[in-house]
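Undergrad: fold the following, please.
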Amino acid sequence: MIAEIGIVIVMAVVFLAGLGFAVFGAAVFLRRLLQRKTTEEAEGSPRYMETEKPAVRVADEAQNQPDGSAPPARGARRIFSAPSTSKDSVFSGASFVTSKGTVMDKLFVRCLIVAALTLLLLIPLAFINDMVHERSSLRRKAIADIASLWGASQTITGPALVIPYLREYTVLENVTGDDGKTRSEKRKAIAQEYRVVLPTELNFTADLKPQVRSRGIYDYVVYTSPIQVAGQFSLPLRDSFEESAIRIEWEKSWFTLGISDLRAITGVEKLQWNGKPSAPFSPGTKLKGLLGPGFHTLVDLSGLEKNDANGRTQTFSLSLTLNGSGSLHFTPVGENTRITVSGNWPHPRFEGSILPVTRKITTENFSGEWKIPHLSRTYPQTGIFGKDDFSDNSRSISSFTAGVNLFEAVSLYTQVDRAVKYGILFIGLTFVALLSFELITKARLHYLQYGLVGIAMALFYLVLLSLAEHTPFILAFCLASLISIAMNSLYIMAAFRSKNKGLLVAGLLIALYLLLYALLQMEEYALLLGTCMVVVVIAMLMFLTRHLPGSPPHAGGEKAPETAEA
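TA: Have a look, this model is predicted:
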């Protein structure tokens, strides 16, 4: 925990340093722009710079000036103020330098075009996002193939003791007599019923041994687990059966246990009933609608015909070994159920209908213990199979479980998918920085150059996806970030012919990618951190652009410097 906090602090410091470096450089350039603009406004009205012969009639350059002065030197630039009938008119042969309206209009149009380019870059980001989902679905298919061969998520349902008995009941039958008349007669019939008894005490003990299985480039965590099941039953008295029960078949009773994926059973020892081994297990629970697939064995309860409490407590124990993947769950069917699960896995996820009362998680292993009373459930300890909560296809027993999932840390596809969602924000911030450079230096990037910068930034996510499938995520992220930073900073350096601007872009991208990694690691605070970043960036942009040309007069009646009209 301390190491993680230290890493976050270091990343935050580096991010703030890189962002501060970029903001400081932008502030210096903007201040120079404002100083130069103020100087130009103080010198007087805007001028026209003569580049060719003006259309208005002027004296021949070879002759002397009307005041007798010498003609201007050959090649010298002649700057003059010319009358204008319109504020923004341009005379033939002269190019107008600028005016407030023209600057603001051009800047607004350019911002709109760059914003449109930013939105167009959603298309490659969408393609990359589709590729992430496609690769993720291929991984899920590989995982399903591994689970189908090794073993799926396991749920142990039961155990239960089933006592068959015969019940007599009366039915009405339509009987046709010798006289040809039909009349109803009562007739006694016998039906086979099954009394389901759940344990009074039940203990599960499991020790998961995780393994990593591969299918192509995809890995998945599976496990092998020896499981101990022990407890005791309290058999019902004869008087607790229905009055219509005419015979209880104690000698035909059976013990049953449900296992969700029988193919993954690697070994089962004989049931120990009252300390003595019983007959070997047979397939099926004989209560498929209640416990699902599983196995059973006969237990001899003969000698319990008497209606007394002697010998009513029956103990049992058994051991089995299961393969599985993903999770292992147990149904707390005991009147008092105790579940203990441990394993050498660093990040388990305890789940089910109830959480453990004690748990311990270290960097290498985990353990958890549940103590569940029968009052937490909705079904009783005993009942008739096929009726009420023990009816066929009833999910009342299997719906209440407790267990553990060998939870994998956020998968690389989840992290890349989350990173792509921030792509348009990061591209937009980079374009804002480039527009600031244009405003400061009056140099212009071609819209194609904007598009190439955006595509290079979108390429970061494709590189990240490609590398993360073969290397640890942090290494893939570092390499993809270095590639993107190098491509964009060198390109901007060449486009602006300025090393400083390339370094500013590099600092900005370093800060952005550090922030992105922090967002991916701190899932709980990602929204808060991302929102704070947007607020800070917008606030800085508002501060730096508060004195753009064409700003309204300052407070206090003092007007901002204005450019005199021609």
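Undergrad: then the longest strand along the chain to PDB, C-alphas only?
TA: Criterion DSSP state E: the longest strand present in the chain is strand 154-176. What follows is the C-alpha trace of strand 154-176 in PDB, where atoms were taken according to Å, rounded to 0.1, in the frame of the first residue of the first chain:
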ATOM      1  CA  GLN A 154     -18.200 -24.700  -9.500                       C
ATOM      2  CA  THR A 155     -21.100 -24.600  -7.100                       C
ATOM      3  CA  ILE A 156     -21.500 -27.300  -4.400                       C
ATOM      4  CA  THR A 157     -25.200 -27.700  -3.600                       C
ATOM      5  CA  GLY A 158     -26.300 -29.600  -0.500                       C
ATOM      6  CA  PRO A 159     -25.700 -32.100   1.000                       C
ATOM      7  CA  ALA A 160     -29.000 -33.600   1.800                       C
ATOM      8  CA  LEU A 161     -30.400 -36.800   3.200                       C
ATOM      9  CA  VAL A 162     -33.500 -38.200   1.500                       C
ATOM     10  CA  ILE A 163     -35.800 -40.600   3.300                       C
ATOM     11  CA  PRO A 164     -38.500 -42.300   1.100                       C
ATOM     12  CA  TYR A 165     -41.800 -43.300   2.600                       C
ATOM     13  CA  LEU A 166     -45.200 -44.500   1.400                       C
ATOM     14  CA  ARG A 167     -48.300 -42.400   1.900                       C
ATOM     15  CA  GLU A 168     -51.900 -43.600   1.600                       C
ATOM     16  CA  TYR A 169     -54.500 -41.400   0.200                       C
ATOM     17  CA  THR A 170     -58.100 -41.600  -1.000                       C
ATOM     18  CA  VAL A 171     -59.300 -41.000  -4.600                       C
ATOM     19  CA  LEU A 172     -62.700 -40.900  -6.100                       C
ATOM     20  CA  GLU A 173     -63.300 -43.100  -9.100                       C
ATOM     21  CA  ASN A 174     -66.300 -43.300 -11.500                       C
ATOM     22  CA  VAL A 175     -67.500 -46.900 -11.500                       C
ATOM     23  CA  THR A 176     -70.100 -48.300 -13.800                       C
END
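Undergrad: how about the helices in the stretch 351-500 of the chain?
TA: Counting by DSSP state H, counting those that start in this stretch, the segments of the stretch 351-500 of the chain that form helices are 412-421, 423-441, 447-468, 473-496, 499-521.
Undergrad: redo those as TSV? Include distance to Pro124 and mean pLDDT.
TA: For every residue, glycine as well, the C-beta is placed using N, CA and C. As requested, those are arranged in TSV below (distance: least, C-beta to C-beta, whole Å; pLDDT from 0 to 100):
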stretch	distance to Pro124	mean pLDDT
helix 412-421	10	85
helix 423-441	9	79
helix 447-468	5	89
helix 473-496	14	89
helix 499-521	17	83
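Undergrad: can I get those in a markdown table with mean neighbour count and distance to Lys141?
TA: Output for the helices of the stretch 351-500 of the chain, formatted as a markdown table (neighbours: other C-beta atoms under 10 Å; distance: least, C-beta to C-beta, whole Å):
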| stretch | mean neighbour count | distance to Lys141 |
| --- | --- | --- |
| helix 412-421 | 20 | 13 |
| helix 423-441 | 20 | 27 |
| helix 447-468 | 19 | 17 |
| helix 473-496 | 18 | 21 |
| helix 499-521 | 21 | 25 |
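Undergrad: which among the ones you listed is found nearest to Arg359?
TA: Between Arg359 and the helices of the stretch 351-500 of the chain, the shortest gap by C-beta to C-beta is with helix 499-521, which sits at 23.6 Å.
Undergrad: run the angle between whichever helix or strand comes after that closest one and helix 423-441 for me.
TA: Per DSSP states H and E, helix 499-521 leads on to helix 526-544 as the next helix or strand towards the C-terminus. What separates the directions of helix 526-544 and helix 423-441 is an angle of 10 degrees, with axes from the mean of the first three to the mean of the last three C-alpha atoms, to 10 degrees.
Undergrad: what helices or strands is the helix or strand just after the longest strand of the chain leaning on?
TA: Using DSSP H and E, the helix or strand that follows strand 154-176 towards the C-terminus is strand 182-197. In this structure, strand 182-197 packs against strand 154-176, strand 382-384, with contacts taken as 3 or more C-beta pairs under 8 Å, 6 or more residues apart in numbering; DSSP states H and E.
Undergrad: and Trp345, what does it touch?
TA: With contacts defined as C-beta atoms under 8 Å, 6 or more residues apart in numbering, Trp345 is in contact with Leu208, Pro210, Val221, Asn365, Phe366, Leu406.
Undergrad: what's the closest of these to Ile113?
TA: Ile113 lies nearest to Val221 out of the contacts of Trp345, by C-beta to C-beta, at 50.0 Å.
Undergrad: what's the mean pLDDT across the longest strand of the chain?
TA: Confidence over strand 154-176, taken as the mean pLDDT, stands at 86.
Undergrad: what pairs with it, parallel or antiparallel?
TA: Strand pairing for strand 154-176, using DSSP bridges, gives strand 182-197 (antiparallel), strand 245-248 (antiparallel), strand 254-259 (antiparallel), strand 327-330 (parallel).
Undergrad: save those strands as JSON lines, and put in mean neighbour count, distance to Gly423 and mean pLDDT too.
TA: Conversion of these to JSON lines gives the following (neighbours: other C-beta atoms under 10 Å; distance: least, C-beta to C-beta, whole Å; pLDDT from 0 to 100):
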{"stretch": "strand 182-197", "mean neighbour count": "13", "distance to Gly423": "58", "mean pLDDT": "84"}
{"stretch": "strand 245-248", "mean neighbour count": "15", "distance to Gly423": "71", "mean pLDDT": "85"}
{"stretch": "strand 254-259", "mean neighbour count": "22", "distance to Gly423": "46", "mean pLDDT": "92"}
{"stretch": "strand 327-330", "mean neighbour count": "23", "distance to Gly423": "34", "mean pLDDT": "92"}
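Undergrad: so Phe295 makes contact with Val268?
TA: Yes - at 7.1 Å, Phe295 and Val268 qualify as touching, with contact defined as C-beta atoms under 8 Å.
Undergrad: any shared contact partners between the two?
TA: Common neighbours of Phe295 and Val268 are listed as Phe281 (criterion: C-beta under 8 Å, 6+ apart).
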